[in-house]
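S.K.: Sharing a model prediction with you, sequence too.
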Amino acid sequence: MSQVYKNIKNDHQIWKFCFYGLLKNLKFFEPYLLIYLLGMGFNLFKIGILFSIREVITYIFEVPSGIFADHYGKKKELMICFTFYIISFVFFFIGKSFYNFVIGMIFFGLGEAFRSGTHKAMIYTYLEQKGWFEHKAFVYGRTRSFSLIGSAISAFLSILFILNLPSARWIFLICIIPYIIDFILIWSYPDSLDERRYNVLNLKKFFIESFIQLKNIIFNTSLNKILISSSLYDGIFKTIKDYIQLILKLTIITSAASSLKVLEGENMVKIYLGITYGIFYICSSMASKNVYKLNKITTSNKLLVVSFDVMAILLLFLSIAIKNNNIMIIIGIFFVLYILKDARRPIFVDVCGDYMEKNQRATVLSVDSQLRSLFTVIFAPIFGFVADHYSIGTLFLLIGILILIVNRFLYVPKQSLQIR
């Protein structure tokens, strides 16, 4: 086993997979996007519209882009994806009016839709070719750890960029550089990973086969349980993290309140935010890289369920911490939840890979992303209503109880795996 891991670590293509993730996460603007848009004179309503446009575009094209990748080539799709990203960065750089940023968000949303799931599907294919398919958790945990290292590097470097560039908009131009390198990296992937089934786009055939693929996915009960477990977990986390991050950011801003009185004094908050994000990503990277070791104790199927239960228990403790107004415990639990989320992803990839049809992988992973967005859209107003009319502590208490109940129906036993 150790020799297999050594071979995987030394494999040239695996290193390419790792650096793909590192480069794509060099989004130096991420910690400061809200601050930048506010500085452009947009109010929170307009900023909300921009973010909504991005999410809607991503949601609409999520599944069609996955089907496109399965039919017409995954390399082609990822190269298109990075082209969309680069175009969006250009619009963010030159943008002065609200409509420039609308166009930028549209292209960024297309990039997100075309990227999700496609690269994981290529990793699955390569592992099959090399006879390493059973080591999915190890490989994906390793590649994801590089993605998170990229996020950490991005967070730390963004501090230098945001403080030393003549204008914040130049940070978008710098982001183009790693994305061009990633475009070239994808182009260098072997054609065997493309898995193109058709050379010419036939819209009628595309829609007919899309319907057939989605029907097969919907009627796969075991796969549905896995997808619901993944998307429900991520949807809940994505919704509740805003409540906890609000506490975190308020703590940071309060500690530097005196600096906010002068425009240049915002530098202190920028430094704190960059360092905080960087530390989170480093710890998440370590968790993602080493989570495969838990398979020595139990199966990934059980870990998928146990991790959801752990989230529920943490939320119950979080409700108590909020009731007692213990800020440090609240931040500590959020820190653990953040690490747990990134550690859980390789587990999901390991379990899900055994249930997907070979020619539907990008589609299935796109469905996972779309379900996550759907749950987020549903939960956001409901959670907000409960938090407004009762309390945030009550909200987390109810979510924890709900997870413990629903999770009892989402376990898929190891012995029913259907490798295809």
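M.R.: Nice, thanks for sending it over.
S.K.: buried set for whichever helix or strand Leu395 is part of?
M.R.: Leu395 is part of helix 392-406, with elements assigned from DSSP states H and E. By neighbour count with 16 or more other CB atoms under 10 Å, helix 392-406 contains the buried residues Ile392, Gly393, Leu395, Phe396, Leu397, Ile399, Gly400, Ile403, Leu404. For the C-beta atoms, the positions are set from N, CA and C on the backbone; glycine is no exception.
S.K.: Stretch 220-227 too?
M.R.: Asn220, Leu223, Asn224, Lys225, Ile226, Leu227.
S.K.: mind checking how far that stretch is from the chain centre?
M.R.: Centre-to-centre, stretch 220-227 and its host chain are 20 Å apart (CA atoms, centre = their mean, to the nearest Å).
S.K.: Next: stretch 21-31.
M.R.: With CA atoms, centre = their mean, you get 12 Å for stretch 21-31.
S.K.: Which residues does it contact?
M.R.: 36, 92, 115, 119, 143-144, 146-151, 153-155, 157-158, 161-162, 171-172, 174-175, 178-179, 181-182, 185, 270, 273-274, 277 (CB atoms under 8 Å, 6 or more residues apart in numbering).
S.K.: Separate out the buried members of these.
M.R.: 36, 92, 115, 119, 143-144, 146-151, 153-155, 157-158, 161-162, 171-172, 174-175, 178-179, 182, 185, 270, 273-274, 277.
S.K.: all helices for the stretch 251-400 of the chain, in order.
M.R.: Secondary structure of the stretch 251-400 of the chain (DSSP state H, counting those that start in this stretch): helices at 267-290, 300-323, 327-353, 361-389, 392-406.
S.K.: What mean pLDDT does the longest one get?
M.R.: Within the predicted structure, the mean pLDDT of helix 361-389 is 81.
S.K.: And the second one, by the same measure?
M.R.: When pLDDT is averaged over helix 300-323, the result is 91.
S.K.: Would you indicate which residues of that helix are buried?
M.R.: 300-308, 310-312, 314-319, 321-322.
S.K.: Now do that helix and helix 392-406, the angle between them.
M.R.: Between the axis of helix 300-323 and that of helix 392-406 there is an angle of 160 degrees, by axes from the mean of the first three to the mean of the last three CA atoms, to 10 degrees.
S.K.: one step back: and of the buried residues of stretch 220-227, the nearest to Pro166?
M.R.: The nearest member of the buried residues of stretch 220-227 to Pro166, counting by CB to CB, is Leu227 at 46.5 Å.
S.K.: Tell me who's in contact with that closest one.
M.R.: Cys352, Val364, Val367, Asp368, Leu371.
S.K.: One more pass at 7 Å, please.
M.R.: For Leu227, the contact set (CB atoms under 7 Å, 6 or more residues apart in numbering) comprises Val367, Asp368, Leu371.
S.K.: same deal with Phe42?
M.R.: Applying CB under 7 Å, 6+ apart, the residues near Phe42 are Phe98.
S.K.: Below-threshold pLDDT in this protein: ranges please.
M.R.: In the predicted model, the chain carries pLDDT under 70 at residues 1, 196-214, 216, 242-270, 273, 414-420.
S.K.: pretty sure Asp234 contacts Arg372?
M.R.: Yes: look at Asp234 against Arg372 with CB atoms under 7 Å: they come within range, at 4.6 Å.
S.K.: which secondary structure element contains the residue nearest to Ile60 when sequence neighbours are not counted?
M.R.: Nearest residue to Ile60 in three dimensions, chain neighbours excluded: Ala113, at 7.6 Å (CB to CB, 6 or more residues apart in numbering). Assigned by DSSP H and E, Ala113 belongs to helix 98-115.
S.K.: Just give the number of residues close to Leu6.
M.R.: Not quite, residue 6 is Lys, not Leu. Burial of Lys6 is recorded as 10 neighbouring residues (other CB atoms under 10 Å).
S.K.: buried set for the helix or strand hosting it?
M.R.: According to DSSP H and E, Lys6 maps onto helix 2-10. For helix 2-10, burial by neighbour count (16+ other CB under 10 Å) applies to Ile8.
S.K.: How many residues are close by Ser167?
M.R.: Counted with other CB under 10 Å, Ser167 comes out at 9.
S.K.: Which secondary structure element is home to it?
M.R.: Going by DSSP H and E, Ser167 is not in any helix or strand.
S.K.: ditto for Val412
M.R.: For Val412, there is no host helix or strand (DSSP H and E).
S.K.: ok, so what distance separates it from Ser230?
M.R.: 12 Å (CB to CB, to the nearest Å).
S.K.: swap in Asp342?
M.R.: 13 Å.
S.K.: Val90 now?
M.R.: Where Ser230 is concerned, Val90 sits at a distance of 34 Å (CB to CB).
S.K.: Same drill for these two, tell me which one is more crowded.
M.R.: Ser230 (25 against 17).
S.K.: Is it correct that the more buried one is in contact with Phe348?
M.R.: Yes: Ser230 lies in contact with Phe348 (CB under 7 Å); the separation is 4.6 Å.
S.K.: so what's Pro178 up against?
M.R.: Neighbour list for Pro178: Leu23, Leu26 [criterion: CB under 7 Å, 6+ apart].
S.K.: Can you check what angle separates the helix or strand that it is a member of from helix 98-115?
M.R.: Applying DSSP H and E as the criterion places Pro178 in helix 170-187. Taking the same axes, to 10 degrees, helix 170-187 and helix 98-115 form an angle of 30 degrees between their directions.
S.K.: could you dump helix 170-187 to PDB, C-alpha only?
M.R.: Coordinates of each C-alpha in helix 170-187 appear next as PDB, following Å, rounded to 0.1, in the frame of the first residue of the first chain:
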ATOM      1  CA  TRP A 170      -5.000  46.000 -10.600                       C
ATOM      2  CA  ILE A 171      -5.500  43.000  -8.400                       C
ATOM      3  CA  PHE A 172      -7.900  41.600 -11.100                       C
ATOM      4  CA  LEU A 173      -5.200  42.000 -13.800                       C
ATOM      5  CA  ILE A 174      -2.700  40.000 -11.600                       C
ATOM      6  CA  CYS A 175      -5.300  37.200 -11.300                       C
ATOM      7  CA  ILE A 176      -5.200  36.700 -15.000                       C
ATOM      8  CA  ILE A 177      -1.600  35.400 -14.800                       C
ATOM      9  CA  PRO A 178      -2.200  32.200 -12.900                       C
ATOM     10  CA  TYR A 179      -5.300  31.600 -14.900                       C
ATOM     11  CA  ILE A 180      -3.400  31.700 -18.200                       C
ATOM     12  CA  ILE A 181      -0.900  29.300 -16.700                       C
ATOM     13  CA  ASP A 182      -3.700  27.000 -15.700                       C
ATOM     14  CA  PHE A 183      -5.200  27.200 -19.200                       C
ATOM     15  CA  ILE A 184      -1.800  26.000 -20.600                       C
ATOM     16  CA  LEU A 185      -1.600  23.300 -17.900                       C
ATOM     17  CA  ILE A 186      -5.100  21.900 -18.900                       C
ATOM     18  CA  TRP A 187      -4.000  22.100 -22.600                       C
END
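S.K.: Thanks a lot, see you next time.
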